[in-house]
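Undergrad: below: sequence and its predicted model.
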Amino acid sequence: MVVVGSGPNGLAAALTLARAGMRVAVLEGSAEPGGGCRTTELTLPGFAHDECSTVHALAAASPFFASCNLAARGVRLLTPPVAAAHPVARGRVGVLSGSVGDTAGGMGEDAPAYRRLMAPLVRGSDAITGMTLAPLRSVPAKPILAARFIRQGLLPATALAHRMRTSEARALLAGMAAHSVRPLTAPLSGAFGLTMMLLAHTTGWPVIEGGSGRLVAAMTAELAELGGTVTTGAWIKRLADVPQARAIVLDVTPHQLLALAGDRLPPGFRRAMRRFRYGPGVCKVDWALADAVPWQELACRETVTLHIGGTLEEVAGSEAEVAAGRHPERPFCIVAQPGVVDSSRAPAGRKVLWAYCHVPPGSEVDMADRIERQIERFAPGFRDLILAKSVKTAADMERYNPGYPGGDIAAGASTIRQTIGRPTLRWNPYRTPIPGVYLCSGSTAPGGGVHGMCGMWAARTVLRDLEIRDEARRT
Ligand SMILES: Cc1cc2nc3c(=O)[nH]c(=O)nc-3n(C[C@H](O)[C@H](O)[C@H](O)COP(=O)(O)OP(=O)(O)OC[C@H]3O[C@@H](n4cnc5c(N)ncnc54)[C@H](O)[C@@H]3O)c2cc1C
């Protein structure tokens, strides 16, 4: 078997195949394996920056990673007491804690509304998480609860947020939903918010000690034990360049598939792949800091993840600007400070920090100054701590990893159409019309994030097609 691309999904596919007794070769174009899961000294020696993902709620909830026995491979998940914080003004901060009770307890007059929204979902969290991490064709374990989740999730985030009264609770919901990279007035943006909050109340929002690269190291180590190989520096330009194999699993996007194999795909499928839409990009900044960020609010110092950009109206305005093809002057920013729980990321007393904001696809605009101004709003003196920084525009993001077209880190827009059928409406989203060729990237169901589930489902399809008994499926 050959897997092209060693992102979390490519490696999950490789491991699922190798565990079933297959001989697997992974071909990775970049010099390092891992795709969106690499850790590098991007700024100064001794500062370990996650080039992409840092917060691993999805990995913690993923049935695939549950099968990996990560702890035995030295992967430690470190979970901060506060999953996320969203300051709106001095003394006003939305706080997402580990439980519904704690979160509601900090919400004052919004406590009953938050409990009503989240408590039933948390009670049925296994069924909802199972549904969100599987292709949509699967029958949910608890259909009534699933229907409730879908009904609420179909709402635009702004509608969900308006169930709250305080500016900080509204902003908290808005920031969660902004992970959809959709305008907050778009249907389905609410589902992202609900899922993010549900994960906070079930698995928490952990980071990996030492950096996300450790997750990939554990995956490649298991693959090697099973006889699999990973070859780096091997960009595949055409499907014909892939060595003979019983199956080829591609950790690539639909437009990449067209470039690799367009002439071998039937016209209908080619059209479907061409119709696949990517979302906005991101501009990401990594900093090496002399000390922890001087956030004004205590909750902001107790969490890894911060949503920075002010009120619901400000966040919605920023995302709407991006959707309209403009660069917001005051962008909504997602900020990660792993040093709150992991002192190994930087020399003693020093810290790493990253933040990104959404930008129009393919943007070459360096948003570092605007992002820093947003952080300064809630942490005066932040800029004085900067020792070094590294900026990737959306265009750089695609150059870094062609799996992020135009800088779209989810490898596909989260529209309703692309949620029902990702990458296109087919019973099995992983099989392509070319016999023996499969897709497994975040452009397939269930979408972006480090969960490995696209890879696992794709590999199971391969095994089923080859009528090979899949031990993993039964355990
Ligand atoms: C800035 C940023 C922050 C993020 N934060 C988080 C987070 O905190 N939590 C989270 O869960 N997710 C996060 N994500 C998203 C997450 O990283 C991705 O959704 C995830 O990595 C997708 O996995 P994948 O295996 O599908 O693809 P990728 O990780 O993109 O891997 C694809 C791999 O295939 C290789 N490849 C592509 N084409 C070819 C080719 N033709 N030949 C050979 N090799 C090829 C690429 O080099 C790459 O290594 C973030 C992403 C970014 C960019």
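TA: That came through fine.

Undergrad: what segments of the stretch 301-450 of the chain are helices?
TA: All helices of the stretch 301-450 of the chain, identified by DSSP state H, counting those that start in this stretch, fall at 312-323, 368-378, 394-400, 416-420.

Undergrad: buried stuff in the shortest one?
TA: The reference is to helix 416-420. By 16 or more other CB atoms under 10 Å, the buried positions in helix 416-420 come out as 418, 419. (C-beta placed from N, C-alpha, C; glycine too.)

Undergrad: and the contacts of it?
TA: Applying CB atoms under 8 Å, 6 or more residues apart in numbering, the external contacts of helix 416-420 come out as 136, 187, 188, 276, 277, 412, 425, 447.

Undergrad: equivalent analysis for stretch 246-253, please.
TA: Outside stretch 246-253, the residues that touch it by CB under 8 Å, 6+ apart are 1-7, 9-10, 13-14, 17, 22, 35, 239, 242, 256-257, 260, 276, 278, 402-403, 405, 411-412, 436-441, 443, 455, 458-459, 462, 465-466.

Undergrad: among those residues, name the buried ones.
TA: 1-7, 9-10, 13-14, 17, 22, 35, 239, 242, 256-257, 260, 276, 278, 402-403, 405, 411-412, 436-441, 443, 455, 458-459, 462, 465-466.

Undergrad: keep only those of these that are also close to the ligand.
TA: 4, 5, 6, 7, 9, 10, 35, 256, 402, 403, 441 (CB under 6 Å from any ligand atom).

Undergrad: show me those that map onto strands.
TA: residue 4 (DSSP state E).

Undergrad: who's in contact with residue 170?
TA: Residue 170 sits in contact with 161, 162, 164, 311, 312, where contact means CB under 8 Å, 6+ apart.

Undergrad: oops, could you answer that again for residue 192 instead?
TA: Residues near residue 192 by CB under 8 Å, 6+ apart: 153, 157, 176, 177, 178, 179, 180, 182, 414.

Undergrad: switch to 7 Å and redo it
TA: 176, 177, 179, 180 (CB atoms under 7 Å, 6 or more residues apart in numbering).

Undergrad: could you dump the ones next to the ligand among the buried ones among the contacts of stretch 246-253 into JSON lines with pLDDT added?
TA: Compiled in JSON lines, those are given as follows (pLDDT from 0 to 100):
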{"residue": "4", "pLDDT": "98"}
{"residue": "5", "pLDDT": "98"}
{"residue": "6", "pLDDT": "98"}
{"residue": "7", "pLDDT": "98"}
{"residue": "9", "pLDDT": "98"}
{"residue": "10", "pLDDT": "98"}
{"residue": "35", "pLDDT": "97"}
{"residue": "256", "pLDDT": "97"}
{"residue": "402", "pLDDT": "97"}
{"residue": "403", "pLDDT": "96"}
{"residue": "441", "pLDDT": "98"}
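
Undergrad: which residue does the stretch 351-475 of the chain have closest to the ligand?
TA: Of all residues in the stretch 351-475 of the chain, residue 403 sits closest to the ligand, at 3.1 Å by CB to the nearest ligand atom.

Undergrad: correct me, but that residue touches residue 411?
TA: Yes - with contact defined as CB atoms under 7 Å, residue 403 reaches residue 411; the gap is 5.7 Å.

Undergrad: intersection of neighbour lists for those two?
TA: Common neighbours of residue 403 and residue 411, using CB under 7 Å, 6+ apart, are 253, 441.

Undergrad: which residue is the nearest non-sequential neighbour of residue 216?
TA: Nearest non-adjacent residue to residue 216, counting by CB to CB, 6 or more residues apart in numbering: residue 34, 3.8 Å away.

Undergrad: what does that neighbour show for phi and psi?
TA: Dihedral pair for residue 34: phi 120, psi -20, per degrees, to the nearest 10.

Undergrad: wait, it sits on residue 5?
TA: No - in this structure residue 34 lies outside contact range of residue 5 using CB under 7 Å: 10.3 Å.

Undergrad: quick one: name the residues of the stretch 351-475 of the chain near the ligand.
TA: Residues of the stretch 351-475 of the chain found near the ligand (CB under 6 Å from any ligand atom) are 356, 401-404, 409-410, 441-442, 448-450, 454.

Undergrad: what pLDDT is listed against the nearest residue to residue 272 once chain neighbours are set aside?
TA: The shortest distance from residue 272 to any non-neighbouring residue, by CB to CB, 6+ apart, is to residue 424 (4.0 Å). According to the prediction, residue 424 has pLDDT 93.

Undergrad: neighbours of residue 424, just the number please.
TA: The local packing of residue 424 (other CB atoms under 10 Å) involves 19 other residues.

Undergrad: ok, residue 291 next?
TA: Using other CB under 10 Å, residue 291 has 14 neighbouring residues.

Undergrad: so what's the model's average confidence on stretch 450-460?
TA: The average pLDDT within stretch 450-460 is 98.

Undergrad: for the stretch 101-250 of the chain, what spans make up the strands?
TA: Counting by DSSP state E, counting those that start in this stretch, one finds strands in the stretch 101-250 of the chain at the ranges 207-208, 229-231, 248-250.

Undergrad: in CSV: those, plus mean neighbour count and mean pLDDT.
TA: Shown next, in CSV, are those (neighbours: other CB atoms under 10 Å; pLDDT from 0 to 100):
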stretch, mean neighbour count, mean pLDDT
strand 207-208, 28, 98
strand 229-231, 16, 98
strand 248-250, 27, 98
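
Undergrad: so which of the ones you listed comes closest to residue 84?
TA: strand 207-208 (12.6 Å; CB to CB).

Undergrad: what subset of the contacts of helix 416-420 is buried?
TA: 188, 276, 412, 447.

Undergrad: wait, the last one touches residue 409, no?
TA: No - at 11.3 Å, residue 447 does not count as touching residue 409 under the criterion of CB under 7 Å.

Undergrad: ok, now how distant is the residue nearest to residue 272 from residue 160?
TA: As judged by CB to CB, to the nearest Å, residue 424 and residue 160 stand 29 Å apart.

Undergrad: same check, this time on residue 19
TA: 40 Å.
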